[in-house]
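> just coords:
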Ligand SMILES: Nc1ncnc2c1ncn2[C@@H]1O[C@H](COP(=O)(O)OP(=O)(O)OP(=O)(O)O)[C@@H](O)[C@H]1O
Ligand SMILES: [Mg+2]
């Protein structure tokens, strides 16, 4: 790791540049934010100082030259700039300030009879303009908004930089102990040939984990082949997995190579394995035990060297009890289990994931959103996330698309609790009401669904379907 010296430039995410470490510390640590006021009228300078010095460290400059020199010497949270200076036009000063540190916010002070240049300055990147003689509250409020924005930028920088260093693994984000344990498990089991069963609710990252295991294995240069057992009709699954010979059945006009052969010396990821039919389970078990496959209609077995990873969001032990899943296949694939927690079980990770997805969608959608309103981050942390990380990712994408300013201050959550629900649609509001009401009644009946259905005057199967739909299962 390169140690930073006080002489180094520090660039964070290309947004904020500190000319050296001391300056960054100043930026992060000064108790009172520093404001540079550039104004040629002495009495105005004193008025600014008197007004601002309770909350800010105020530095005064009475000309453009003086202002730019002071600006280069230190780091400021904001600049108040008079447009009419004796030695340089304010627009030129603004341009110079922005070229030194583009993220610093500049408030323009202008005479009320000449706002044309001020409008021009805002177009050129000034935060806002106020007209002289200005109202003290107006200036204080504007500065407060600048400070809020700065703190968001800082928070976002923190999320982004810490993510890089400690909190991600492959494409997986996770700062909590449970995720860190999963990362070290992947590191250890990656290079082995063991079969891994990855379980967890929908959207918790099972496929990402499978990818990470493959990338950490000695097979990483060979194919990683995915087959989704739930998406393929039963009669086609066998030929998808093992292939078929020409003429093996009506419609088999050509030989087909199955996924097992394609994945030779690589990894085969059997996704949604819990949805496999009993007869396919039996065939798969045979292949796993012998290491050989047979194409449908083929005459001789073919040796394969495939590492198996499997995933499901079903409770396989329960499926075994109910006769839907073979226990011998379960023991064959459950050599190393990895259970991914639901997002609500690791809510401390939510701000990091949100920052990660914000970055991703900023890049993809060519936006430059600085961060989240702290209230939004709180709402995200409290939310139940029935669709887990996938839902969070979609919510952030929508918020980035819909954002009206460079801070995300509204978030469209479908089932939010505690009044942080923001969507106004009747359908979503009804879903929130139903969800909370069902939860209350289930609490009342100690989780007994039959009793709850009776109180709600609906059939038990309807209740179960509703709970599924509302993310309560
Ligand atoms: N820890 C994580 N860090 C970053 N992104 C994640 C993480 N977990 C999941 N994601 C993202 O969330 C989405 C869903 O993940 P994935 O497809 O791996 O979930 P899954 O458990 O396989 O879901 P399903 O059971 O519905 O197939 C993907 O876009 C993935 O990139
Ligand atoms: Mg999946």
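On my side now, so go ahead. The structure displayed is predicted, hence computed values, not measured ones. Ligands and ions are numbered 1, 2, ... in the order given.

> any idea what sits nearest residue 376, other than its immediate chain neighbours?
residue 411 (5.0 Å; CB to CB, 6 or more residues apart in numbering). Yep, even glycine has a C-beta here, placed from its N, CA and C like the rest.

> Make sure I have this right: that neighbour is in a helix.
No - looking at residue 411 with DSSP: H, G, I helix; E, B strand; the rest coil, it is coil, so not inside a helix.

> And the pLDDT at it?
Note on residue 411: pLDDT of 81.

> any idea how far it is from residue 380?
Distance of residue 411 to residue 380, given as CB to CB, to the nearest Å: 7 Å.

> repeat for residue 75
According to CB to CB, residue 75 stands 31 Å off from residue 380.

> Then residue 112?
In terms of CB to CB, residue 112 sits 43 Å off from residue 380.

> picking up where we left off before, could you report the neighbour count for the residue nearest to residue 376?
24 (other CB atoms under 10 Å).

> Do I have it right that it meets residue 402?
No - under the criterion of CB atoms under 8 Å, residue 411 makes no contact with residue 402, lying 9.5 Å away.

> quick one, what contacts the residue nearest to residue 376?
By CB atoms under 8 Å, 6 or more residues apart in numbering, the contact list for residue 411 reads 376, 379-380, 395, 399, 422.

> Can you show me the helices along the stretch 51-200 of the chain?
64-73, 90-100, 116-123, 136-166, 177-189 (DSSP state H, counting those that start in this stretch).

> and the ones you listed as a markdown table, adding mean pLDDT and mean neighbour count?
Shown next, in a markdown table, are these (pLDDT from 0 to 100; neighbours: other CB atoms under 10 Å):
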| stretch | mean pLDDT | mean neighbour count |
| --- | --- | --- |
| helix 64-73 | 93 | 17 |
| helix 90-100 | 92 | 17 |
| helix 116-123 | 89 | 16 |
| helix 136-166 | 76 | 16 |
| helix 177-189 | 94 | 15 |
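
> do you know which of these lies nearest ligand 1?
Evaluated with CB to the nearest ligand atom, the helices of the stretch 51-200 of the chain place helix 177-189 nearest to ligand 1, the distance being 6.7 Å.

> list the helices and strands that closest one packs on?
Judged by 3 or more CB pairs under 8 Å, 6 or more residues apart in numbering; DSSP states H and E, the packing partners of helix 177-189 are strand 172-173, helix 206-215, strand 336-339.

> now for these, which one comes closest to ligand 2?
For these, proximity to ligand 2 was assessed by CB to the ion; helix 206-215 is nearest, at 4.1 Å.

> Any residue of that closest one touching ligand 1?
Yes - interface with ligand 1: helix 206-215 contributes 206-208 (CB under 6 Å from any ligand atom).

> chain center to the following helix or strand past that helix: distance?
Later in the chain than helix 206-215, the nearest helix or strand by DSSP states H and E is strand 224-228. Averaging C-alpha positions (CA atoms, centre = their mean, to the nearest Å) puts strand 224-228 25 Å from its chain's average.

> now the angle between helix 206-215 and strand 224-228, please.
150 degrees (axes from the mean of the first three to the mean of the last three CA atoms, to 10 degrees).

> Point out the other elements, helices or strands, that strand 224-228 touches.
helix 206-215, helix 259-262, strand 267-271.

> Identify each buried residue in the next helix or strand after it, please.
As assigned by DSSP H and E, the chain's next helix or strand after strand 224-228 is helix 234-242. Using 16 or more other CB atoms under 10 Å as the test for burial, helix 234-242 gives 237-242.

> ok, the contacts of residue 411 vs residue 195, which is closest?
When these are compared for distance to residue 195 (CB to CB), residue 395 wins out at 34.4 Å.

> Give the rounded mean pLDDT of the helix or strand where that closest one lies.
Following DSSP H and E, the helix or strand that holds residue 395 is helix 388-402. For helix 388-402, the mean per-residue pLDDT is 90.

> Not counting that helix itself, show me its contacts.
Contacts of helix 388-402 (CB under 8 Å, 6+ apart): 200-205, 342-343, 350, 353-354, 357-358, 361-362, 365, 367, 369, 380, 385, 387, 408, 410-413.

> one more time with 6 Å
201, 203-205, 342-343, 353-354, 357-358, 361, 365, 367, 369, 385, 408, 411-412 (CB atoms under 6 Å, 6 or more residues apart in numbering).

> what angle do that helix and helix 206-215 make?
Using the same axes, to 10 degrees: helix 388-402 against helix 206-215 is 110 degrees.

> does ligand 2 sit close to helix 388-402?
No - judged by CB under 5 Å from the ion, helix 388-402 stays clear of ligand 2, getting no closer than 8.9 Å.

> Go through that helix and flag the buried ones.
So helix 388-402, judged by 16+ other CB under 10 Å, has buried residues 388-389, 391-393, 395-397, 399-400.

> on that earlier part again, neighbour-wise, which one of the residues of helix 206-215 next to ligand 1 leads?
Neighbour counts for those peak at residue 206, which has 25 neighbours (criterion: other CB under 10 Å).

> residues in contact with that residue?
198, 200, 311.

> run the last query once more with 7 Å
Counting by CB atoms under 7 Å, 6 or more residues apart in numbering, residue 206 touches 198, 200, 311, 340.

> what would these look like in CSV with pLDDT?
Converted to CSV, the contacts of residue 206 look like this (pLDDT from 0 to 100):
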residue, pLDDT
198, 97
200, 94
311, 97
340, 97
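
> which one among those gets closest to residue 43?
residue 340 (65.4 Å).

> Pull up the residues of this structure that are close to ligand 1.
Checking the chain against ligand 1 by CB under 6 Å from any ligand atom, the hits are 171-174, 200, 202-208, 313, 353, 389-390, 393.

> List the buried residues of stretch 275-286.
Of the residues in stretch 275-286, those buried (16+ other CB under 10 Å) are 275-276, 280-281, 283-285.
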